[in-house]
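Peer 1: Predicted structure and sequence below. I'll ask about it afterward.
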Amino acid sequence: MNRFALFATPVLALVLAGCSTAGTSQVAQAPIVAAPVITQPLVASSAQNVQQARLTTNISSGFVDPAALAAMTAKDSNEANSAQFYALQFGRPGAPRQWAGDKGTTGSVSVGPYVRVNNLDCRDFTHTVKVNGQDYVKKGTACREQTGNWNVVQGAA
C-alpha cells in the first residue's frame, strides 16, 4: 500500500464523518483513528549495493587469463578483483586502473565506453597481469546485471 493511501483513508473518513445524513439534522461522529504505523524493509543504500557487487565480481569467471590465475596469490586475486570491478563500474574509457599484489605481481584494467545491450550496461575490457615475469592479457565484454554484479558475456584470448 502506498503512503498516499495510508494517509488518505483516515482523512477521508473524517471528512465523510462531518457530512450530515439526508433528511436528518444529526451529524455522524467519526471515531478517533490512530495514524497507522508504517514499517518499511531495510533497503540497501547505493554504497552498500556497490560494495556487495564488488565482493561478488570475481576475476576467475573470465576476467583474467586462467594461466595467470594459477600463479596468483590470494592477495593478487583480491587486488585484481577490486581493480576489475572499479574499472568497469567507474573507469574512464582508455584510462587503465593499476593494481599490485605480492612479490612483484602487477596488473592493469582498461575499459571501453558503456554500451547498452538487452537493457544492460556493458563494457569491453582488457585485463593485463604480469606474474613471475610473464604478461597475460585477457580481453572481453562484461555486462552489469540488475544486481550490480559484472559478468563476462564474451571473451577472447
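Peer 2: All right, it came through fine. Residues are numbered from 1 along each chain as shown.
Peer 1: Just name whatever secondary elements the strand or helix carrying residue 89 is in contact with.
Peer 2: Assigned by DSSP states H and E, residue 89 belongs to helix 74-90. Applying 3 or more CB pairs under 8 Å, 6 or more residues apart in numbering; DSSP states H and E, one finds that helix 74-90 contacts helix 46-56, strand 97-100, strand 106-111, strand 120-131, strand 134-144, strand 150-156. C-beta coordinates here come from the backbone N, C-alpha and C atoms, glycine included.
Peer 1: looking at these, which is closest to residue 72?
Peer 2: Among the helices and strands packed on helix 74-90, strand 120-131 comes nearest to residue 72, with 6.0 Å by CB to CB.
Peer 1: any idea which of the helices and strands packed on helix 74-90 is most buried?
Peer 2: strand 106-111 (a mean of 21; mean count of other CB atoms under 10 Å).
Peer 1: Which elements pack onto the next helix or strand after it?
Peer 2: Sequence-wise, the next helix or strand downstream of strand 106-111 (DSSP H and E) is strand 115-117. Strand 115-117 is packed against strand 120-131, with contacts defined by 3+ CB pairs under 8 Å, 6+ apart.
Peer 1: outside of the strand it packs on, which residues touch it?
Peer 2: 59, 63-65, 68, 71-72, 76, 80, 84, 87-88, 104-116, 135-145, 153 (CB atoms under 8 Å, 6 or more residues apart in numbering).
Peer 1: Using CSV, write out every CA atom in it.
Peer 2: The C-alpha trace of strand 120-131 is given here as CSV (Å, rounded to 0.1, in the frame of the first residue of the first chain):
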residue,chain,number,x,y,z
LEU,A,120,22.1,-4.0,-19.6
ASP,A,121,25.1,-1.7,-19.3
CYS,A,122,28.1,-3.4,-21.0
ARG,A,123,31.8,-2.5,-21.5
ASP,A,124,34.7,-4.0,-23.3
PHE,A,125,37.7,-4.6,-21.0
THR,A,126,41.4,-5.6,-21.2
HIS,A,127,42.9,-7.1,-18.1
THR,A,128,46.7,-7.4,-18.2
VAL,A,129,48.5,-9.4,-15.5
LYS,A,130,52.3,-9.6,-15.0
VAL,A,131,53.2,-12.6,-12.8
